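Chemist: Quick one: sequence plus predicted model below, questions after.
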Amino acid sequence: MKKNAYNLVLYVAGTTPKSVEAFANLKKICDEHLKGQYTIKVVDLLKNPKLAKGDQIVAIPTLVRKLPPPLKKIIGDLSNKERVLVGLNIIN
Amino acid sequence: MAFEEKEKDLQENFASLGFDLKSLVRSKKLVIDYVYIERSEIEETGEYDLEGLFVRLSSAIDSVGAKRVVLDTIEALFSGLSNQSILRAELRRLFRWLKDRGVTAIVTGEKGDSLLTKHGLEEYVADCVICLDHRVIDQIATRRLKIVKYRGSRHGTNEFPFLIGESGISVFPLTSLLLSSASSSGRITSGIKNLDVMLGEKGYYRGSSILVSGSPGSGKTSFGAQFVDSACRGGQRALFFAFEESEGQLSRNMKNIGMDLKKWTDKGLLKVIANRATLCGLEMHLVMAHNAVREVKPSVVVIDPITTLVGAGTLDEPKAMMARLLDFLKNEGITVLATDLTTLGDRGEATEIGISSLCDTWIRLSMETHDYKRMRRISIIKSRGMRHAYETKELIITSTGLEIKDITGVREGSK
């Protein structure tokens, strides 16, 4: 797979334990399974509240897989590795 | 914040109710946020909260300085997200948060089987719970509204019919009416010269209610039209509810007897509302009458005939409904003339639903046959608070309106 095939956005609201954990979990999973093929952008809604509407964010933290299509959303602290991998369509 | 309808759909749907959401949005009075949650697109793993929703609400409230918030079918969250315990905790937090922000929030939810709402939202909100209902009884549908609870207030506990019309929602709080109308000693002409003489020389009391009962063809509609015509002639506004004739038919017929109702309609003094009584339930007629009165602000109202409304009632209490309508009009200081069809043969005194006792003045029209000739008779059965004539007289419908004459040449029978 080509470089940066996975375009991921993690929505958080301030630096909360859950969001810190979600980012750590995500980073770990990506490094294990998608090394060199991903980008993670973290959006703090407290700083950019308007961005919540665009991606229809309700729950925090929410991970949005922008690329590859289709759009996928995973909510929660991403503590369940299996489900994250399934959610991102990395494994079936 | 809408969970079911998109911004565009909301704008279109509300336009039909007379609300221009688009211009409200443009002038920064309103902001609509459509929240879309599709379970199939969302994977849940681990702990989360609804801070995203809070952020959106907060930024929406701040962007227009909102004082009121509507969360339309927030229960959609329950079908979109699976972790019920998180949702419940977050909703509780949300409602507390809304309160702390000092906004008034209306939260809608679907009716549940055992609970008031499907997901028991009333547990969290519940400063005030209003239950809306749409029922069909005898093929007539009526929307009703009931205040289930309202903390810190004495609220009406009955079900009230409400109407969604061209100018939004209106409720007619039927039971809040008391007999408190200020009584006027002013008089208003009946439009029939000799009748005024029969009514203590001066006509009806302003703000009173008049019942005109009579058999078919005795001239009830003409009688009502004459009253309206004379009010308009004096520059007063009038409202005519026609339950048996269309506006065109009414104005054609009345033109033949010298009344140009169309002229008054064109001038904006008269409004004729012609509906079949069975169009909707009795309660709805009352709400519609209420709205029309508020809109037209008439000083006289004619209901022709009031008895057809009885057939539209789905309750056992059409009389109570009539009472509410008449009381409402009285409270507004409006003189109301209602006609009532008495079936041939009955003595007339026991008007079908006993509305006569609600009316201040009761005039009876009848037809009698004398020497193969049918003649109209008029008599005043009662008229509260005035000396009125006791004689039965003859009512003649001429090409210039109604006239009353003493009966000559015929011997009175039992009447």
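Modeler: Good, I have the coordinates.

Chemist: How is B:R294 assigned, secondary-structure-wise?
Modeler: helix (DSSP: H, G, I helix; E, B strand; the rest coil).

Chemist: Let's see the pLDDT reported for it.
Modeler: In this model, B:R294 is scored at 84, pLDDT.

Chemist: Where does the stretch 251-400 of chain B get nearest to chain A, residue-wise?
Modeler: Using CB to the nearest CB, the closest approach of the stretch 251-400 of chain B to chain A is made by B:N291 at 38.0 Å. Bear in mind the C-beta positions are built from the backbone N, C-alpha and C, glycine included.

Chemist: Skipping adjacent residues, who's closest to that residue in space?
Modeler: Across the structure, with CB to CB, 6 or more residues apart in numbering or on different chains as the measure, the residue nearest B:N291 apart from its sequence neighbours is B:S170 (5.6 Å).

Chemist: who touches the one helix or strand the one you found maps to?
Modeler: If you go by DSSP states H and E, B:S170 is part of strand B:168-171. Counting by CB atoms under 8 Å, 6 or more residues apart in numbering or on different chains, the neighbours of strand B:168-171 from elsewhere in the structure are B:17-19, B:145, B:160-163, B:287, B:290-291.

Chemist: For the strand or helix carrying the residue of the stretch 251-400 of chain B closest to chain A, list every residue counted as buried.
Modeler: Counting by DSSP H and E, the secondary-structure element that holds B:N291 is helix B:282-296. When neighbours are counted by 16 or more other CB atoms under 10 Å in any protein chain shown, the buried residues of helix B:282-296 are found to be B:282-293, B:296.

Chemist: what about B:G109, which helix or strand?
Modeler: Secondary structure here is read from DSSP H and E; on that basis B:G109 sits in neither a helix nor a strand.

Chemist: and chain A, which of its residues are near chain B?
Modeler: Taking CB under 8 Å from any CB of the partner chain as the criterion, the neighbours of chain B within chain A are A:11, A:13, A:18, A:22, A:45-46, A:49-50, A:52-53, A:56-62, A:70-80, A:83-84, A:86-87.

Chemist: and B:F95, what helix or strand is that in?
Modeler: Using DSSP H and E, B:F95 maps to helix B:84-100.

Chemist: does A:L63 count as helix, strand or coil?
Modeler: On the three-state scheme (three-state DSSP), A:L63 is labelled strand.

Chemist: and B:V103, backbone torsions?
Modeler: Its backbone dihedrals place B:V103 at phi -100, psi 150, with angles given as degrees, to the nearest 10.

Chemist: typo on my end, it should be B:L10
Modeler: phi -60, psi -50.

Chemist: and the gap between it and A:L71?
Modeler: To A:L71, B:L10 is 24 Å away according to CB to CB, to the nearest Å.

Chemist: neighbour count winner among those two?
Modeler: Neighbour comparison, B:L10 and A:L71: the larger count goes to B:L10, with 17 against 12 (by other CB atoms under 10 Å in any protein chain shown).

Chemist: before we move on, the earlier item: report all helices and strands that the helix holding B:N291 contacts.
Modeler: strand B:140-150, strand B:159-165, strand B:168-171, strand B:238-242, strand B:270-274, helix B:308-312, helix B:318-331 (3 or more CB pairs under 8 Å, 6 or more residues apart in numbering or on different chains; DSSP states H and E).

Chemist: now the closest residue to B:S230 other than its chain neighbours, what's its secondary structure?
Modeler: If the residues on either side of it in the chain are set aside, B:S230 comes closest to B:G191, at 3.0 Å by CB to CB, 6+ apart. In terms of secondary structure, B:G191 is coil; the call rests on three-state DSSP.

Chemist: quick one on the thing from earlier: quick check, the residue of the stretch 251-400 of chain B closest to chain A in contact with B:L163.
Modeler: Yes: in this structure, B:N291 sits in contact with B:L163. The criterion is CB atoms under 8 Å, and the distance is 7.1 Å.

Chemist: low-scoring stretches of chain A, by residue?
Modeler: Low-confidence segments of chain A, defined by pLDDT under 70, are located at A:1-4, A:91-92.

Chemist: Can you identify each of the strands in it by residue range?
Modeler: Listed from the start of the chain, chain A has strands (DSSP state E) covering A:6-12, A:38-44, A:62-67, A:72-75.

Chemist: From the rest of the structure, what touches the shortest one?
Modeler: By that I understand strand A:72-75. Here strand A:72-75 makes contact (CB under 8 Å, 6+ apart) with A:55, A:59-65, A:83-84, A:87-89, B:41-45, B:48, B:81.

Chemist: Please enumerate the strands of the stretch 101-250 of chain B.
Modeler: Listed in chain order, the strands found in the stretch 101-250 of chain B under DSSP state E, counting those that start in this stretch are B:104-107, B:128-137, B:140-150, B:159-165, B:168-171, B:187-188, B:204-205, B:209-214, B:238-242.

Chemist: okay, the ones you listed in CSV with distance to B:K271 next?
Modeler: Converted to CSV, the strands of the stretch 101-250 of chain B look like this (distance: least, CB to CB, whole Å):
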stretch, distance to B:K271
strand B:104-107, 33
strand B:128-137, 29
strand B:140-150, 24
strand B:159-165, 15
strand B:168-171, 17
strand B:187-188, 18
strand B:204-205, 21
strand B:209-214, 19
strand B:238-242, 5
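
Chemist: for chain B, which residue is closest to the average position?
Modeler: With distances taken as CA atoms, centre = their mean, chain B has B:V287 as the residue nearest its mean C-alpha position (1.5 Å).

Chemist: Quick one: end-to-end length of stretch B:232-250, please.
Modeler: Across its full length, stretch B:232-250 reaches 16 Å between end residues, using CA to CA, to the nearest Å.

Chemist: what pLDDT, on average, does it get?
Modeler: Per-region confidence: stretch B:232-250 scores 91 on mean pLDDT.

Chemist: Show the contacting residues for B:V301.
Modeler: With contacts taken as CB under 8 Å, 6+ apart, B:V301 has the following neighbours: B:238-241, B:293, B:329, B:334-337.

Chemist: Likewise for B:S58?
Modeler: B:S58 makes contact with A:49, B:101 under the criterion CB under 8 Å, 6+ apart.

Chemist: Give me the three-state assignment for it.
Modeler: State at B:S58, reduced to three classes by three-state DSSP: helix.

Chemist: A:V9: what's it in contact with?
Modeler: Listed by CB under 8 Å, 6+ apart, the contact partners of A:V9 are A:40-43, A:55, A:63-64, A:66.

Chemist: Show the buried residues in these.
Modeler: Buried members of these, scored by 16+ other CB under 10 Å, are A:43, A:55, A:63-64.

Chemist: Please convert those residues to CSV, extending it with distance to B:I61.
Modeler: Supplementary listing: the buried ones among the contacts of A:V9 in CSV, determined by distance: CB to CB, whole Å:
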residue, distance to B:I61
A:V43, 21
A:D55, 20
A:L63, 27
A:V64, 25
